[in-house]
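J.: Need coordinates for the below:
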Amino acid sequence: MSLTSFLKIPKVKEKFKEVFKKPLLKLEGEIIAPPQTTNYGLVGTAFDYLMRFVLEYHNPSVITFPWVAEQVLVDLDDILIVGDTREELDIMSDFVESVPFVINFARDEHKKFNVTGEASERLLRACILLAQTDVFFRIGRPPRNYGKVEEGDVADLFELMKAIKVEDFIAKEHMLLNPTFGEASKLVGGADADIIMDGVLIDIKTIKDLTIKREHFNQLIGYYILTRIGVIDGMTKNPEIKELGIYFSRYGKIVKFSVEEVLKDVELNTFITWFTKKAKEMF
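T.: Predicted coordinates for the structure are as follows:
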């Protein structure tokens, strides 16, 4: 389970809709980095890594957390090579053999970028390979094309990178990238937010439509609830979250709304009690 899967449970979806009213926001903007392949999920995850690297470079005091893909490397010795067919066995065997090379390649390219700030084609490829590795962490099996990178995906990442307005992501007080929430993350089987910057919790969405869907809103609320339940790993106190936001990467646009507005008329402690109980039941 994960926060995402927890939020898909019908009774959980109903409860969120009942308790939290989604703000009515008029969103306007032109798409500036349209998709160049149909690998939407893969490119979205790859961009999460690329965005992280860019923000690290421009914010020297940033606090970062381990890559999801690195957890696969840590767990590699415990991965069983199983499958119902010879093809599936070969895919698993090749995956286990390839992961160390992928992670080391990505680490090397990341280090180079930290020095130069210039995103090479090799760095973009590394981000896609990390995203492929994430697939195993999420669903327990690697993609069939593991280790193969489509040129269209590389071009897509390049355009998404050009769309980043770096000046919108220069922290004045604090920036945390992919923070996890201690026991609260474990409560839902795993959860890491994308960005917490100067009191704003931001989720990255690499999607075609400039629309805050109900599931996007619920995910932001879910992360916020986790900050109220647990302390971010490695910290003694969480920064106060005053705003929630989504970065629409294909539009180069951040959309934010206040926590105070969302929590108006909400009995938060009562909801947190329900959330915690329900998560324990499902997990």
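J.: could you show me where the helices are in the stretch 51-200 of the chain, in order?
T.: Using DSSP state H, counting those that start in this stretch, the helices found in the stretch 51-200 of the chain span residues 68-74, 86-116, 121-139, 151-162, 183-187.
J.: In the longest one, which residues are buried?
T.: When you say that, I think you mean helix 86-116. Of the residues in helix 86-116, those buried under the neighbour-count criterion (16 or more other Cβ atoms under 10 Å) are 91-92, 95-96, 98-99, 102-103, 106, 109-110, 112-113. Using the backbone N, CA and C atoms, a C-beta is placed for each residue, glycine as well.
J.: now for it, which elements pack on it?
T.: Helices and strands touching helix 86-116, by 3 or more Cβ pairs under 8 Å, 6 or more residues apart in numbering; DSSP states H and E, are helix 40-58, helix 68-74, helix 121-139.
J.: Among the ones you listed, which comes closest to residue 220?
T.: For residue 220, the closest of these is helix 40-58, at 15.5 Å, according to Cβ to Cβ.
J.: Which elements pack onto that closest one?
T.: Checking 3+ Cβ pairs under 8 Å, 6+ apart, helix 40-58 ends up next to helix 86-116, helix 121-139, helix 151-162, strand 175-177, strand 200-205.
J.: Give me the lowest-pLDDT entry from the buried residues of helix 86-116.
T.: Ranked by pLDDT, these bottom out at residue 91 (77).
J.: Kindly reformat the helices and strands packed on helix 86-116 as a markdown table containing distance to residue 230, mean neighbour count and mean pLDDT.
T.: Output for the helices and strands packed on helix 86-116, formatted as a markdown table (distance: least, Cβ to Cβ, whole Å; neighbours: other Cβ atoms under 10 Å; pLDDT from 0 to 100):
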| stretch | distance to residue 230 | mean neighbour count | mean pLDDT |
| --- | --- | --- | --- |
| helix 40-58 | 22 | 21 | 97 |
| helix 68-74 | 18 | 17 | 91 |
| helix 121-139 | 21 | 21 | 94 |
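J.: which one of those helices lies closest to residue 212?
T.: Ranking the helices and strands packed on helix 86-116 by proximity to residue 212 (Cβ to Cβ) places helix 40-58 first, at 16.0 Å.
J.: ok now that closest one, how far from the chain's centre?
T.: What separates the centre of helix 40-58 from the centre of its chain is 9 Å, taken as Cα atoms, centre = their mean, to the nearest Å.
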